[in-house]
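Asker: sequence-free structure coming up:
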Ligand SMILES: Cc1cc2nc3c(=O)[nH]c(=O)nc-3n(C[C@H](O)[C@H](O)[C@H](O)COP(=O)(O)OP(=O)(O)OC[C@H]3O[C@@H](n4cnc5c(N)ncnc54)[C@H](O)[C@@H]3O)c2cc1C
């Protein structure tokens, strides 16, 4: 990677940012420091320069300048990403989209809204609430994370089981390429001809273009919502209950699991009314018309009891429903109160393996001497093991990383994936070598080349080079033949 250490280089680069107002440029160390990491603080790098443009034309000019000068660019929304996707480069520009915070248009008849990329997820639902509408994907970070970051990560949330991920809830994007060309992808209607570039861009982690505007779909706020809390004396039984509900044809709006460690942490923090003696709890939310919700609550209650729940409670009113959810929503900060550091993993598995995978994680937790809390989107099979560690203790971060890697590889071995919603970023880049074979990775690189031939957009993230996989030692060996024998092994 080219070093850009000299002040003269920086001054000359800034001089080429023609017309960019001074308030959009941060260069002093104290100004750069807040951008050194995202929501994965174990990895930190001070950026060379931070730019916070205010208009699409300014972003265009910055990208063209970076392209000409061959300076890499990392786009950043709110910096809440958990996989190090917005980790800056010491020789690159950190491009903050924070000032793109305007809702451009709300079309209540079409149930869509056009919003700038930096608008927070929650702000969209707040802006359309008076029209009886909302935006369905609801990451727990929704108060802070940006819609552009949601698109770049294909973010999910509690309600994605029924309503889909970000990719299912957007219609169009405005994206700038590295050479400043403005692409309009998708359409304001439900389908668009040609290759599905909207899906390609969604989850592309800032590697293919910089999103400046998103058209989102809006849904009608359901007439009724109810939540059931079910307690179990074993995690395996809770896992089986999840499978029973789904196979009965019920599609809950959300179906979340917390193990004993996390439910106790949450209970001590927000007093949600959770049973402290349970090995695991499920929160099962049902929404729809009054009649649908009461019928489904009855059916789900019976299924949960049949699956061995020791206690099944239906929230009596909206206040109690909010209380049940408050514990789930506060689970991450609750763990943060009792451990100096934690490492949040994000793998997805077929639901039928929930019980055995959780039991294996528990056994490894003992082997590594690191506590693991499980609080996750059980209905989607999307695990979030939180590995607790103390970064100030010699070797603990490395042990946490190794355990995390093992867990992700376990997910792949049972037919799952290494990410459900947090993206690959830096965190899971080695496990990409386990998930995909060399030919598949080459196809990913070919797509990157088509959009960004000089590899200036978020280089080094999300898609590993074949050399990296060789170094990681996880290249696929077929019939004993090592692929790409010409590549150096380390
Ligand atoms: C407490 C907590 C809870 C969370 N819960 C969830 C959850 O339930 N579900 C979930 O999915 N995630 C969750 N996350 C992770 C995170 O909030 C999401 O990944 C979110 O989508 C990131 O948005 P952001 O604006 O913060 O993006 P950033 O962190 O700034 O960036 C994320 C990635 O997107 C790229 N990017 C950002 N903006 C753009 C743009 N305009 N154009 C191109 N690329 C861009 C960046 O380069 C980077 O690769 C949680 C995070 C925290 C801290």
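Answerer: Arrived safely. Quantities reported herein were computed from a predicted structural model and do not represent experimental measurements.
Asker: Quick one: name the residues of the stretch 1-150 of the chain near the ligand.
Answerer: For the stretch 1-150 of the chain, the residues found near the ligand under the criterion CB under 6 Å from any ligand atom are 38-39, 74-82, 85-86, 97, 117, 139-141, 145-146, 148-150. (Each C-beta comes from the backbone N, C-alpha and C, glycine too.)
Asker: So which of the residues you listed sit within strands?
Answerer: 74-76 (DSSP state E).
Asker: Buried only: go through those residues for me.
Answerer: 74-76 (16 or more other CB atoms under 10 Å).
Asker: Now render those as JSON lines, adding pLDDT.
Answerer: Formatted as JSON lines, these follow (pLDDT from 0 to 100):
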{"residue": "74", "pLDDT": "98"}
{"residue": "75", "pLDDT": "98"}
{"residue": "76", "pLDDT": "98"}
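Asker: Dump the residues you listed into CSV; add distance to residue 344 as well.
Answerer: Listed next are these as CSV, based on distance: CB to CB, whole Å:
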residue, distance to residue 344
74, 21
75, 22
76, 19
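Asker: quick one on the thing from earlier: from the residues of the stretch 1-150 of the chain next to the ligand, list just the buried residues.
Answerer: Counted by 16+ other CB under 10 Å, those give 38-39, 74-82, 85-86, 97, 117, 139-141, 145-146, 148-150 as buried.
Asker: Could you list the contact residues of the stretch 251-400 of the chain toward the ligand?
Answerer: Counting by CB under 6 Å from any ligand atom, the positions of the stretch 251-400 of the chain adjacent to the ligand are residue 332.
Asker: Give me the neighbour count for the residue in the stretch 251-400 of the chain positioned nearest to the ligand.
Answerer: Residue nearest to the ligand within the stretch 251-400 of the chain: residue 332 (4.6 Å; CB to the nearest ligand atom). The burial count assigned to residue 332 is 21, neighbours taken as other CB atoms under 10 Å.
Asker: ok but it is inside a helix, no?
Answerer: Yes - when DSSP: H, G, I helix; E, B strand; the rest coil is applied, residue 332 is found to be in a helix.
Asker: Help me confirm that it comes into contact with residue 388.
Answerer: No - counting by CB atoms under 8 Å, residue 332 sits too far from residue 388 to count as a contact (11.8 Å).
Asker: Give me the pLDDT value at residue 355.
Answerer: If you check residue 355, the pLDDT there is 85.
Asker: which SSE is it in?
Answerer: Taking DSSP states H and E as the criterion, residue 355 maps to helix 354-368.
Asker: closest to residue 216 among the buried ones among the ones in strands among the residues of the stretch 1-150 of the chain next to the ligand?
Answerer: Checking these against residue 216 by CB to CB gives residue 75 as the nearest, at 18.7 Å.
Asker: isn't that closest one right next to residue 88, touching?
Answerer: No - if you go by CB under 8 Å, residue 75 and residue 88 don't touch, sitting 10.7 Å apart.
Asker: Angles on the backbone of residue 141, please.
Answerer: Per-residue torsions, residue 141: phi -90, psi 20 (degrees, to the nearest 10).
Asker: So which residues of the stretch 301-450 of the chain form strands?
Answerer: With DSSP state E, counting those that start in this stretch as the criterion, the stretch 301-450 of the chain has strands at 311-314, 341-344, 347-348, 372-376, 382-383, 385-389.
Asker: nope, the stretch 51-200 of the chain is what I meant
Answerer: With DSSP E, counting those that start in this stretch as the criterion, the stretch 51-200 of the chain has strands spanning 73-76, 93-96, 103-107, 112-116, 133-134, 170-176, 182-186.
Asker: any idea what sits nearest the closest residue to the ligand within the stretch 101-250 of the chain, other than its immediate chain neighbours?
Answerer: Of all residues in the stretch 101-250 of the chain, the one sitting closest to the ligand is residue 149 (2.2 Å; CB to the nearest ligand atom). Spatial nearest neighbour of residue 149, chain neighbours left out: residue 77 (3.1 Å); criterion: CB to CB, 6 or more residues apart in numbering.
Asker: and if you look at residue 433?
Answerer: residue 469 (3.6 Å).
Asker: what's near enough to touch the one you found?
Answerer: 430, 432-433, 438, 441, 475 (CB atoms under 8 Å, 6 or more residues apart in numbering).
Asker: which one of those sits closest to the ligand?
Answerer: residue 432 (14.3 Å).
Asker: Kindly state the pLDDT recorded for residue 191?
Answerer: 78.
Asker: Tell me how far it lies from residue 229.
Answerer: Separation of residue 191 from residue 229 (CB to CB, to the nearest Å) stands at 40 Å.
Asker: which one of the two has more residues nearby?
Answerer: Neighbours were counted for residue 191 and for residue 229 using other CB under 10 Å; residue 229 has more, 26 against 8.
Asker: quick one: secondary structure of the more buried one?
Answerer: strand.
Asker: Please name the bridge partners of it.
Answerer: residue 283, residue 313 (DSSP bridges).
Asker: contacting residues around it?
Answerer: 273-274, 281-283, 311-313, 315, 324.
Asker: list the contacts for the spatially most central residue of the chain?
Answerer: Closest to where the C-alpha atoms of the chain average out (CA atoms, centre = their mean) is residue 422, at 2.4 Å. By CB under 8 Å, 6+ apart, the contact list for residue 422 reads 81-83, 153, 344, 346.
Asker: And residue 313, by the same measure?
Answerer: So, once contact is read as CB under 8 Å, 6+ apart, residue 313 ends up touching 228-230.
Asker: Tell me if I'm right that residue 252 and residue 161 touch.
Answerer: Yes - using CB under 8 Å, residue 252 is in contact with residue 161, at 6.2 Å.
Asker: shared neighbours, those two?
Answerer: Joint contacts of residue 252 and residue 161 (CB under 8 Å, 6+ apart) are residue 379.
Asker: Those two - which one has more neighbours?
Answerer: Counted by other CB under 10 Å, residue 252 and residue 161 do not tie: residue 252 has more neighbours, with 25 against 22.
Asker: for the more buried one, what are its contacts?
Answerer: Counting by CB under 8 Å, 6+ apart, residue 252 has contacts 161-162, 245, 284-286, 296, 300, 379.
Asker: could you redo the last one with a cut-off of 6 Å?
Answerer: With contacts defined as CB atoms under 6 Å, 6 or more residues apart in numbering, residue 252 is in contact with 284-286.
Asker: neighbour-wise, which of the residues you listed leads?
Answerer: Going by other CB under 10 Å, residue 284 tops those with 29 neighbours.
Asker: Which two among the contacts of residue 229 are spaced furthest apart?
Answerer: Farthest pair in the contacts of residue 229 (CB to CB) is 273 and 282. Separation: 14.6 Å.
Asker: Which residue of these two possesses the greater neighbour count?
Answerer: Per other CB under 10 Å, whichever of residue 273 and residue 282 has more neighbours is residue 282, with 28 against 14.
Asker: how many other residues sit next to the closest residue to the more buried one other than its chain neighbours?
Answerer: Closest residue to residue 282 apart from its sequence neighbours, by CB to CB, 6+ apart: residue 230 at 4.7 Å. Using other CB under 10 Å, residue 230 has 29 neighbouring residues.
Asker: thought residue 230 was touching residue 312?
Answerer: Yes - Residue 230 is in contact with residue 312 according to CB atoms under 6 Å; the separation is 4.9 Å.
Asker: intersection of neighbour lists for the two?
Answerer: Common neighbours of residue 230 and residue 312 (CB under 6 Å, 6+ apart) are residue 304.
Asker: where does the stretch 351-490 of the chain have low pLDDT?
Answerer: 473-490 (pLDDT under 70).
Asker: quick one, what contacts the residue of it found nearest the ligand?
Answerer: Nearest residue of the stretch 351-490 of the chain to the ligand: residue 421, at 3.3 Å (CB to the nearest ligand atom). Residue 421 makes contact with 155-156, according to CB under 6 Å, 6+ apart.
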